[in-house]
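Colleague: have a look at this prediction, sequence included:
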Amino acid sequence: MALGFHTAMAADSGAEPVVVIQRFYGALLSEMKEAKRLSFEQRYQRLAPIITQTYNLALMSRLSVGPEWARLQPAQQQSVAEVFARYTISLYANRFDDYSGERFEVDPTPATNANGLIVQSSLIKSDGEKVTLNYLMRQGGDGTWQVIDVYLSGTISELATRRSEFADVLQKGGADGLVKLLEQRTAALHTG
């Protein structure tokens, strides 16, 4: 029965998740082409709106923390979510700071998944090397589709990697330790 639901969901709204990723890539390419004349802070400010529109950063922060999330106080949850969002945007502002002919390809047909839809895509580097980036997307209560996980090389869950790393930090330093770590990493990205 669940398969039928997801198949119907894909048939009815499969194009919209693809459009979300295409729009994201369009904005990313635009920023990459202008990156050399922009400071880190300018790239950050220009990328923040499209990233917060494309990604469900609040859910991603919760999923990255995992079961420990339920043990955090609401103020701690908010702090972790805020610093997680700043860190994620900073990663993009840092990584996409130049353009040398790269392009993105997006498969027009999303694949169904028990947790949503997978939009398959590739970053084609200027030397022709393909980097597979697949996006797990879920439709929110307001009907919009957002990314909730990224699979690097097509199969390596970014959230699972972060959850593994964050678990150790949370065990040793609690929510404050995690916030401090993400703030330090964000600051390091800002300074290059």
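Modeller: Now that the structure is in, tell me what you want to look at.
Colleague: spit out the contact partners of R163.
Modeller: Shown here is R163, whose contacts under the criterion Cβ atoms under 8 Å, 6 or more residues apart in numbering are L63, S64, V65, G66. C-beta coordinates here come from the backbone N, C-alpha and C atoms, glycine included.
Colleague: so what pLDDT did it get?
Modeller: R163 carries a pLDDT value of 93.
Colleague: how near is it to T132?
Modeller: Distance, R163 to T132, by Cβ to Cβ, to the nearest Å: 21 Å.
Colleague: over to Q146?
Modeller: 20 Å.
Colleague: from the contacts of R163, which ones fall inside helices?
Modeller: Applying DSSP state H to these, the entries found in helices are L63, S64, V65.
Colleague: is it true that the second one touches Y87?
Modeller: No: here S64 lies out of contact with Y87, judged by Cβ atoms under 8 Å, at a distance of 10.1 Å.
Colleague: looking at these two, which one has more neighbours?
Modeller: Taking other Cβ atoms under 10 Å, S64 and Y87 do not tie; S64 has more neighbours (26 against 20).
Colleague: the residue nearest to the more buried one when sequence neighbours are not counted: neighbour count?
Modeller: Leaving aside its sequence neighbours, S64 sits nearest to R162 (Cβ to Cβ, 6 or more residues apart in numbering; 4.2 Å). Residues near R162, counting by other Cβ under 10 Å, number 21.
Colleague: please, which helix or strand holds R162?
Modeller: If you go by DSSP states H and E, R162 is part of helix 158-191.
Colleague: rewinding a little: out of Q146 and T132, which sits in the busier spot?
Modeller: Under the criterion of other Cβ under 10 Å, the comparison of Q146 against T132 puts Q146 first, with 22 against 14.
Colleague: and stretch 63-79, end to end?
Modeller: 15 Å (Cα to Cα, to the nearest Å).
Colleague: now the most centrally placed residue in the chain: closest residue in space, sequence neighbours ignored.
Modeller: Centroid-nearest residue in the chain: Y55, 5.4 Å away (criterion: Cα atoms, centre = their mean). Leaving aside its chain neighbours, Y55 sits nearest to V147 (4.7 Å; criterion: Cβ to Cβ, 6+ apart).
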